Structures are given as C-alpha cells and as structure tokens.
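Engineer: show me how the following folds:
(chains A and B)
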Amino acid sequence: MKHKLLISVSIFIIIGLILFYILNIILLPEWVINNDATLSARGIYEEEKNSLDVVFVGSSNIYNGISPLEIWQETGITSYSYASPEQKIWLSYYAIQELFAYQNPKVIMLDMNEAFADDNLEEDNIRKLLDNMKLGKAKINAINDEFLNYGIEDKLSYIFPIIRYHTRWNNLSTKDIKRLFYHYDSTYKGYSLVKGIEPFEGNTDYLNYTDETTNINDIALKYLDKIVELCKENGTELVLIDMPSPNTWSYARHRAVEEYADSKEIKFLELNCVDEIGIDWNTDTQDAGWHLNVNGASKVSKYVANYLKRNFDLTDKRENEIYQTWNRDLEIYLKNK
Amino acid sequence: MEINSLKFIIFVAVVILLYFLTPKKYKWGILLISSYLFYWINSNQLIIFIIITTISIYLLGLLLGKIDKKLKLQCENVTKEEKKNLKERAKTKRKIIVFVALIINLGILGVIKYFNFFCGNINILLNLFNINIQIPSMKFVLPIGISYYTLQALSYVIDIYRQKIEADKNIGRVALFLVFFPQIVEGPIGRYKDLANQLYNPHKIEFNHIKNGTLLAIWGLFQKMVIADRLGIFVDAVFSNHLQYSGFIVVCAVLFYTFQIYADFAGCINIVSGVAEIFGISLAENFRRPFFSRSIQEFWKRWNITLGVWLKEYIFYSVAFSKWCLNLTTKLNLKLKKYKHLAKTLSALCPLFFVWIANGLWHGASWKYIFYGMYYFIIMAIGMMLTPILKKLCKYLKINVNSKKYKIWQILRTFFIVNIGMLIFRAADISSAFSILKSMFDFSTFGEFFNGKIFTLGLDVGEFIILGISLIIMLIVDFLQEKNYHIREEIEKRNVVLRWSIYYAGIFSIIIFGIYGKDYNPSSFIYGQF
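Structural biologist: Numbers count the residues shown, from 1 in each chain, chains lettered A, B, ... in the order given. Here you go, the predicted model:
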C-alpha cells in the first residue's frame, strides 16, 4: 500500500514537473527566445562540445561586428560570437563562466565598449542572456550576484521564467506551442546579419591623441579582474578588443584599456581607426556609427582572423572531416550575405 | 512575508519537514519557534507586544486558578456565613485580575490601534469648546495579528474567570495558542479549549492530512490570487477615482468588491486552515457560504464566524447579563407590558448595540467603521422590530414563506444589504460612501454596458473571461458545499485522470492566472490590516 502510494505520488510529481517545464517554455516571450541578438545566446548550445577555438564575448557590437564564418573562410579557425545587448563586463563574467561549461576555447576576445558605460542594465537585456542560459553553475552564480541584489522571487524567476512571464497567457498563439519543437539556428555562429546602411556623418578622427584620461568603471574593473583570473585558471588566453564605434569609443578609453592590459600582461587588440581594416563609415554601419553592418563586420572579421592566425597556434580545420558543417554553414552565409 | 508568497510556501515546507523529523516530545517546540520566527520576520521588535500579552495572560490565568483552588480549600469545614464571605472576597479578587488583564491587553491594542483616532476626536471636541490644547498624534506600526491574538488572549482569561477552562501551567502551550504562525495573520480567532491541545500535542505524518491540507491551501490560493486580486485591480481603479464613474461601472465595482473581500478573506482562511491541516490541526470554521444567507443575522453567522462568536460570547453576554442591562430588561417588561415583542426587542438591542460598536471598531479606528457597525445594527434593529408585521403581511398576502421563490428573494435582499455594507467598508470615508451610493443610481450611464468602457479599468476581455470562469467555479463550489457535498471527498471518488486533471488545473491556474510578479503589484490580504 505504501509502495503504491509512493509510486502514484512520484508519477503525479513527474507529470506535474513536465507540464511545468512545458509551460515555462511556452510562456517565454518572443523577444527573449527568438530575436537575432538572443539567438547568439541560445545557439552556442548547438555547437559541438569543445569545438570552438575562439569565442567573442560582449555586447551587440560583437554579434553585429564579428562574423565567425568570415574567420572560418579566411583561416579555418572555429569561433563564435557569444553576446547579448549592452552586455556589461559583470554579465560577461558569467557568460564566460557558462562558456567554460561547454567549450574550452584557446582564446576569448572580450569587448570593452561597455566597460565605460553605466553598469546598470535594463532587465530585458539581462534576461536576453540569462533566460537563454541553461540552468547551471554560471546562471546560479549570476542571479546570486550581490550587484543584482535580487530577492528570492526574482532569483527563482530566472530559473522558472513562468514566474516573470505568466501574464503572457493573454497573448499566446500557436507559434508559442511550436516553440517546443524548435531547434535553434546557429548557422551564423552567433553573428546577426544586418545589411542595412545608415552612414555615420560625424568626425572620424575620434581616436586622435588627446590628453584626456578616463577610467574603466569600478564594477567593470572588479569583474575584469575576475575574468582575467577565470581565463587563466582555464588555460585560455584573454584578448581585450574594442569594436569599431565612433559613437562610443575614444582615445581616452583606448588608453585606459591599454594600461589595464599592460598591467595584467594580456593582449589588447585595437579595432577602431585601424587603417588596415578599411572601415568606411558611409557604407559599413547600420545605424549611424553605433553598430557595424555586414560590410563592416566582414572587414573587421577578416582583420581579426589574420590577427588570430598570426598570434596564436590555431589549426586550420577547413579540410577536417568533423568540421564540414562549417563549410555548409559558410555556403548559406555567403549566399545570404 | 505574505502568505501567498513563494517565501511563505518555502517557509511552510521547511517547518513541515522539521516538524515531522522532530521527536514527538518536541514537536510543539518546532511550531512555537517557527511561529515566533514568522512573527519576527513580519514585525521585528514589535514581537514584544505578543510576548507581553502571552506572559500577562499566562500569569493572570494562573492567579485566577490559584484563587479558585484556595477558595475550595478554605470552604471546607467552614460555616455557610463564612463561606459566603470567602466567596465574596474571592469574587472581588477575580474581578480585579480580569480587569487587569483587560487593561493590559486592551490597553496595548487601544494605544497602538486607536490612540490617534480617539485623540483626534478629543482634539476636535477641545476645539469646539475653544480650549487650546492639542494632543499630538503619534506614529504607530501595527504588529501583525494584534487584533486577532488580543481577542484570543482575552477569551482565554475570561474563560478561566467564567470557570469554563482551567488555567494552563505550561507557558509554551499558551504562547503557541496565541502565535501559531499561519493563524496569526488573519485568524480564524481560536478558542483555547479547541485549539491549545491540538497545537501542543504531537501529530504523526498522515498522507491524507498532507493531501487534504495542500488541496485546501491551493483552493485558498486560487481564491486569493486568481479571483480576489484580479477583482481588486478593477475595484481599486474605480474606488480610487470614484467621482469619475457612475451607474453601471460603480455597480460593478461594488459587486466586485463584495466578491473580492470574500475571495480574499475566505481564501486566506483556507490557506491558513490548509497549512494547519497538514500538521493535523483543525482550525475553527470562519466562513459558511455567506452569500446564501437569507437574513443579515444569518449572514453574520456565516461571515467571519469566529469574530461573531467572540463578540457574542464576550460582549453580548457580558452586557446582557450585566446588572444594569438586566434591570433595564425588567423595567422595559414592566412598562411595555402590552407590547411584549417591542420590550423583548429593545432589551436584546441594548447588548447588540455594543456588539456592533465593537465590530465596527475592531475593523478599524475611524468613524467609517463605526458607521459600518451601526449600519448593520440599524438593519438588524429594523428587521427585529418588523418581524411580526412582516409575518402578518405575508399571511395576509398569502405568501408562502417556505417557497423557493421567497427564499431566493430573501437571499437577494440580504445580498443587496451586504453589498451596501461592503460599499461603506471599502469607501475612503463616510461622505465618499454616500457619494458612491448615490452615483450607483445614475441610470444615464448604463450604456457603458455596451461601449467597452468596462474593459479600460485594468482588466481586458481576456482577464474578464478568466474572472468570469473562476467566479463561476467559486460559486459552484459554494453551492455544492451548501448542498452538503464534500468537494475533496467527491474529487477523491473520481477516476485518476479526472482527479489529477483537477489537481493540475488548480495548481497551474494559480501559476498562470494568479496576480503576482512584477507585472502586477501583489496586494496584501485585506483582513491582515485589522
């Protein structure tokens, strides 16, 4: 009798949990689960374990500015743009933690554009990364971070998003049900392909020498130190980069990052106002200098590819049987580019 | 910690686990510690008041017991005359003790809850007589459950005084009786003889207790989170801006508030009773389908039952059996010899007046609540006076008072009176209550029924559909209970698919349709503030 009861209670709980899991997925809003930016966060789980040589981490500048398939085409290096909108350094820290749970890249390139901005991040931009993150150590660490100062119900709402999004029952459609059978597309390896052009009409000599100095934000600095440590522990080389953006970058910032990189003996790759890249702000930006479009991304990615080839011992996998899906993805990319 | 919050659910789960893991002897200790912890989390240092209350009634109770015992011993082998003297002396002492208990406990409640109200009124009076003294108002934070546990505490001492129970020698049991954590929030107001031993005695894990308790708590959560808080969105929108609305919208808001406060209060009691049931503790019933009442008297026997019982036991009887009230009854009987019914009614109304003043004041320190009490007093008085006339009228008009139609008419009439009472209860003050009442009869705006304005007050069509369905479910449940169906037992009899579907529907409807989280402002239980 006792056994029977135990079994039936267990079955009841298991069915309940399955239903709960399904509802958690169905009720996620479309903006969390299915936009170009968040595909980067979801798509990383579609990659083979430990298959990536290089991972780019950071804000929208990354998923708009680095196209891993261009790097592949150029060098046969496997890379991924793992980024989310306005991602601050403290959030990048957890993104990198998550990364190490699935990948063991030789190089991580971290975007420094947000290291000088306000550390606070709108909830939707936090959720675009964390709601798409699988439940694991990194996610748990992130929601428990003192900086976020979350109460228990906030924390649980990241583990069970239904707590946050249950009000969406009023807008459900069949599309939300289909989501249960949806496979995330990682064809572009986290890159978000945008073809539109809106020229930048401001001053393009923004990286000219000035006496001005600026500091990396305290919070960003604290997490940057943690990232340096984390990468060291995992045997991964950290390279700081600044994605081309005349609206956010300056020489003062360049100097601050350079100083930091020197102090930690890590590399810093400057991507703003590098003649060799050949960015044309009339054709290579999608929104007047905030983000690159596909033209810009293609130029920057090729430049980065050659930098990687020169500076790191990364094998060319283009002929490798196991990586033939990358060639197929490249074909699709080139067709749509 | 709201009792419909995740925190509370986690808290309860941990306490249940600890309770069942602890050896029999110490189980009550787990309940006591967790109850004090719960109190501390909610009211911090204000916990001192419940501790003062506990210690005071414990000691005074013991003292009363001692006097009784001593009297018994002294009365052996003494003359009748001496016995009488001893009894008289003991009576005086006992009266003093009860008086001290009343002073301490009503004193705390009075100062914390009513100080500003009374002083404000005294200031107005002083002003009227051109006396330039003003009593400054003070800021008090109400410790949770003070209105509930104070009544329980008083009932304990008075019951010992009335020799209905014996003084408890175990302070732990007395403390637990006052502070038991789910009950402390909104009652039900328990009686020592029903509750204390239940709380103190160890209970075994029983699957049926866990299951039934959980089911009851889920039903309570459904009432609170799906129905009451959803209705609350609309009600708040209208009442906070009532001058902008009239007619149909206001009628809806008043009706919705009546349902809201029922779903809110009864929901809370169901959560509380459900949690208690998991421990194997059965709490007093506080609601018995009040909207099926056929008279106001009946309504108050079905609504917040434990408060009604308390007022009857400790106010009605105390006044009715007091010397002056008995004298008044005798005088009335003599003077109104020819009008027996009137004399009887008037002598019953005298204690009732105090009951309704107390009822009003218990709900809050303002004239609005006194008015609310008086509203019911007057309705009851009129009802009692007119009973013989109505009886004659029905006979004359050949109305069958036992017919279904007449019963429905009575239910509707009572429901209407209750709605007006709820309007007074919800309005910001007496004058807005009147203005809202007046605006209900603005028939020119009844076109709003069709123009969709109703969907602009925080609840869209989808929300209204959910509201409609859940209100119907609540009505059906109440109706079936009224017909003596035991819902949980009935569900138990069904096949596993249907049974489990009902359980899942209950759980998931709260998760999905519940009003909680950042998109809604979680609202606290209405009765928690009293």
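Engineer: just give the number of residues close to B:Leu342.
Structural biologist: The burial count assigned to B:Leu342 is 14, neighbours taken as other CB atoms under 10 Å in any protein chain shown. C-beta: built from backbone N, CA, C; applies to glycine.
Engineer: what about the residue lying closest to it once chain neighbours are set aside, how many neighbours?
Structural biologist: Nearest residue to B:Leu342, sequence neighbours excluded (CB to CB, 6 or more residues apart in numbering or on different chains): B:Leu336, at 5.4 Å. By other CB under 10 Å, the residues close to B:Leu336 number 16.
Engineer: show me the contacts for B:Leu336.
Structural biologist: For B:Leu336, the contact set (CB atoms under 8 Å, 6 or more residues apart in numbering or on different chains) comprises B:342-343, B:346.
Engineer: who's in contact with the residue in the stretch 151-300 of chain B that chain A sits nearest to?
Structural biologist: Closest approach between the stretch 151-300 of chain B and chain A, counting by CB to the nearest CB: B:Phe207, at 6.2 Å. Applying CB under 8 Å, 6+ apart, we find B:Phe207 in contact with A:Leu5.
Engineer: isn't B:Ile417 up against B:Ile296?
Structural biologist: Yes - B:Ile417 lies in contact with B:Ile296 (CB atoms under 8 Å); the separation is 6.0 Å.
Engineer: what do those two both touch?
Structural biologist: Taking CB under 8 Å, 6+ apart as the criterion, B:Ile417 and B:Ile296 both touch B:Ile379.
Engineer: nearest residue to the residue most central in space within chain B other than its sequence neighbours?
Structural biologist: The residue lying closest to the centre of chain B (CA atoms, centre = their mean) is B:Asn304, at 3.9 Å. Distances taken as CB to CB, 6+ apart place B:Asn286 nearest to B:Asn304, at 6.1 Å, with adjacent residues excluded.
Engineer: so the one you found touches B:Gly308, yeah?
Structural biologist: No - with contact defined as CB under 8 Å, B:Asn286 does not count as touching B:Gly308 (9.5 Å).
Engineer: show me which of these two is the more surrounded one.
Structural biologist: Shown here are B:Asn286 and B:Gly308; by other CB under 10 Å, B:Asn286 has more neighbours (25 against 20).
Engineer: re the thing from before, roughly how far does the residue of the stretch 151-300 of chain B closest to chain A sit from A:Lys4?
Structural biologist: 11 Å (CB to CB, to the nearest Å).
Engineer: what residues does chain A put near chain B?
Structural biologist: When proximity is defined as CB under 8 Å from any CB of the partner chain, chain A approaches chain B at A:5, A:8, A:12, A:15-16, A:19-20, A:23, A:27, A:152-153, A:156-157, A:162-164, A:166-167, A:169-170.
Engineer: so how do I select the buried members of these in ChimeraX?
Structural biologist: ChimeraX command restricting the residues of chain A next to chain B to the buried ones, with burial defined by 16 or more other CB atoms under 10 Å in any protein chain shown:
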select /A:23,27,153,156,157,162,163,164,166,167,169
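Engineer: out of the residues of chain A next to chain B, name the ones that lie in helices.
Structural biologist: A:5, A:8, A:12, A:15-16, A:19-20, A:23, A:152-153, A:156-157, A:162-164 (DSSP state H).
Engineer: so where's chain B uncertain?
Structural biologist: Across chain B, the ranges flagged by pLDDT under 70 are B:446-449, B:519-530.
Engineer: check the offset of stretch B:79-96 from the chain's centre.
Structural biologist: Relative to the chain's own centre, stretch B:79-96 is displaced by 38 Å; criterion: CA atoms, centre = their mean, to the nearest Å.
Engineer: and it, which residues are buried?
Structural biologist: Judged by neighbour count (16+ other CB under 10 Å), stretch B:79-96 contains these buried residues: B:90, B:93-94.
Engineer: what do you get for stretch B:275-282?
Structural biologist: Under the neighbour-count criterion of 16+ other CB under 10 Å, stretch B:275-282 has B:275-281 buried.
Engineer: A:Asn61 and chain B, how far apart?
Structural biologist: 29 Å (CB to the nearest CB, to the nearest Å).
Engineer: so which strand or helix has that residue?
Structural biologist: helix A:60-65 (DSSP states H and E).
Engineer: number of residues surrounding B:Phe256?
Structural biologist: 25.
Engineer: ah, wrong one, I meant A:Asn35
Structural biologist: When counting by other CB under 10 Å, one arrives at 13 neighbours for A:Asn35.
Engineer: next: the one 4 residues further on.
Structural biologist: By other CB under 10 Å, 22 other residues sit near A:Leu39.
Engineer: is B:Ala167 in contact with B:Leu64, as I believe?
Structural biologist: Yes - under the criterion of CB under 8 Å, B:Ala167 makes contact with B:Leu64 at 5.9 Å.
Engineer: under a three-state scheme, what state does A:Phe56 occupy?
Structural biologist: Following DSSP: H, G, I helix; E, B strand; the rest coil, A:Phe56 is assigned to strand.
Engineer: who touches it in this structure?
Structural biologist: A:62, A:66, A:68, A:79-83, A:108-109, A:111, A:190, A:241.
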